[in-house]
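> Build me a model from this:
(2 chains)
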Amino acid sequence: MSVSNRVRRARPSLGTFVEITARGDNELKLHRAVDRAFDAIDCVHRQMSFHESASDVSRINRDAYDRKVTVDPWTWQVLKTAQRFSSESEGVFDVTIARELSIWNYLPQRYRNVRKGNWRDIVLEKRNEVRFRRRVIIDLGGIAKGFAVDRAVEVLERAGVPAGIVNAGGDLSVFGSKSELVHLRSPNSPAQFSGALRVSNRAVATSATYFSRRSLIDGQTRRAKIRQLSVSISASDCMTADALTKIVFVLREKSAPLLVRYGADALLLKRDGSPRWIFQAHAA
Amino acid sequence: MNHIPQWVLPAAITVTVPLPSYAVQYLTAPAAQKVCFPECDQFVAAHVKFTPAQIGAIEAKSGQKELLRGQEIWRALQNGKLHGFFIVDYVIGKHLVIDYAVALSPGGTVKQIEILNYRESYGGEIRNPDWRKQFVGKQPGSQFALNEGINNISGATLSCRHVTEGVRRVLATYDVCLK
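Prediction:
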């Protein structure tokens, strides 16, 4: 199918701007597919937003220590994946850093009596049910955007869109028959661009501390990792890319075994914007 | 199949050249009207120029300052029947100037939000009121040609809270002017 037409739209969601580009031949069909892809993004936002009081995340944060909370299957899927990344990174990735993010005012302080804990205090024994062993709180901000991007791409592909890109605040996925050029911001100056990646059928996520020096927290030490660099991960899906950026930002070269396992590539941009691959997966 | 991304350093973009702004036009207002109300055959302009009393009421209801002198509003009709309102609004953040559209049902609930034009700037010119004036009611012109070639960015973008706050103000405007 031709990709002569392009539809490009953006909406606020997931706390950022979500941009969807769909290429194909029928503009009306493309718009309809994009509508449905945005619906999927909104579903993720509604269930996984830390800020919306009716979301699964808020219900979990309010109640999971006191009783089991039933959640949407998508929320469950993200939590299971988060636990896997926590286990594989020995706790460097940990959604319970919501406590530290709140203390530092990166998240609003909405909960009282929050206790110190970690990812092992999240219990996912029965499908779609969550409970906490300690009174912890969670934030899925380090993984939910990537998941939302994957769901949106799935909608577009199922609708027969031949090519496109979904970009949620910099976590993006390129799908289909056309490659895209993805620019990376310079770590010490977000208004400048250090260069670009040519991406085809791959997801890319980037973590850096451009605007806020303390917002990347190491789940093991519970302290902010203050580095003037940017980490970009390319992986086969955006949720994986999203989660790995946090792990690689902290562990750098020590994350290589994890990158091998996921077939992910990691690109570091140093303070001066110069690029350094720390790992490149080999073609299968 | 694993597609290994290639690092590209286009000659036109070097580390030392800062781009003062990045801008994208997603939709024109007429295109956004069709996207938000595909079933409608007519969009009738019903723009409002605010009276001081209306501004006071909008500010009281929304808790925000009303910076615009009026609001661009269209009634979306199908066979003469009102299907909702299409409203264009503008928000200005520290590094952002965005125009966007809100589609409301006839009863004033938000059906859809679409960004029309997104502009990012770190050059400080956003704080200059004269610089801002050129955007109200207009489409971006060739001054944003500088960002040609930059289409997709990976790396933290800014929060959308200005837009979500703007939508609350637009809902107050609906209450005061359209209900």
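
> What's the first helix or strand after the helix or strand in which residue A:152 is found?
For residue A:152, the host element (DSSP states H and E) is helix A:144-158. With elements assigned by DSSP H and E, the helix or strand that comes after helix A:144-158 is strand A:163-168.

> what angle do the helix or strand that that next one is followed by and strand A:163-168 make?
As assigned by DSSP H and E, the chain's next helix or strand after strand A:163-168 is strand A:171-176. If you take axes from the mean of the first three to the mean of the last three CA atoms, to 10 degrees, strand A:171-176 sits at 170 degrees to strand A:163-168.

> Output strand A:171-176 in CSV, but only the C-alpha positions, please.
The C-alpha trace of strand A:171-176 is given here as CSV (Å, rounded to 0.1, in the frame of the first residue of the first chain):
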residue,chain,number,x,y,z
ASP,A,171,9.0,7.8,24.2
LEU,A,172,8.3,6.6,20.7
SER,A,173,7.8,3.7,18.3
VAL,A,174,8.3,3.6,14.6
PHE,A,175,6.3,1.0,12.7
GLY,A,176,5.7,-0.1,9.2
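
> Residue A:220 and chain B, how far apart?
Separation of residue A:220 from chain B (CB to the nearest CB, to the nearest Å) stands at 23 Å. All C-beta atoms are positioned from the backbone trio N, CA, C, and that covers glycine.

> where does that residue land in three-state SS?
Assigned with DSSP: H, G, I helix; E, B strand; the rest coil, residue A:220 falls in the coil class.

> so who does it touch?
Taking CB atoms under 8 Å, 6 or more residues apart in numbering or on different chains as the criterion, residue A:220 is in contact with A:90, A:91, A:92, A:94, A:250.

> out of those residues, which are buried?
A:91, A:92, A:94, A:250 (16 or more other CB atoms under 10 Å in any protein chain shown).

> Keep only those of these that are in helices.
residue A:250 (DSSP state H).

> can you narrow the buried ones among the contacts of residue A:220 to ones near chain B?
Applying CB under 8 Å from any CB of the partner chain, the subset of the buried ones among the contacts of residue A:220 adjacent to chain B is empty.

> nearest to chain B, of the buried ones among the contacts of residue A:220?
Among these, residue A:250 lies closest to chain B (CB to the nearest CB), at 16.9 Å.

> That closest one contacts residue A:226, correct?
No - with contact defined as CB atoms under 8 Å, residue A:250 does not reach residue A:226; the gap is 11.1 Å.

> List the buried residues of the helix holding residue A:152.
For helix A:144-158, by 16+ other CB under 10 Å, it's A:144-157.

> I'd like to know which elements that helix is packed against.
strand A:16-24, helix A:27-48, helix A:73-88, strand A:163-168, strand A:171-176, strand A:202-208, helix A:238-251 (3 or more CB pairs under 8 Å, 6 or more residues apart in numbering or on different chains; DSSP states H and E).

> Now tabulate these in CSV and tack on mean pLDDT and distance to residue B:95.
Below are these laid out as CSV (pLDDT from 0 to 100; distance: least, CB to CB, whole Å):
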stretch, mean pLDDT, distance to residue B:95
strand A:16-24, 96, 13
helix A:27-48, 98, 23
helix A:73-88, 98, 30
strand A:163-168, 97, 18
strand A:171-176, 96, 20
strand A:202-208, 92, 16
helix A:238-251, 96, 22
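
> Mind putting the ones you listed into CSV with distance to residue A:276?
What follows is the helices and strands packed on helix A:144-158, written out as CSV (distance: least, CB to CB, whole Å):
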stretch, distance to residue A:276
strand A:16-24, 27
helix A:27-48, 33
helix A:73-88, 23
strand A:163-168, 24
strand A:171-176, 21
strand A:202-208, 14
helix A:238-251, 12
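
> Out of the ones you listed, the one nearest residue B:56 is which?
Ranking those by proximity to residue B:56 (CB to CB) places strand A:16-24 first, at 31.7 Å.

> Buried residues in the closest one, which are they?
Here strand A:16-24 shows A:16, A:17, A:18, A:19, A:20, A:21, A:22, A:23, A:24 as buried, counting by 16+ other CB under 10 Å.

> Count the residues that sit near residue A:68.
15 (other CB atoms under 10 Å in any protein chain shown).

> my bad, should have said residue B:117
So residue B:117, with other CB under 10 Å, has 22 neighbours.
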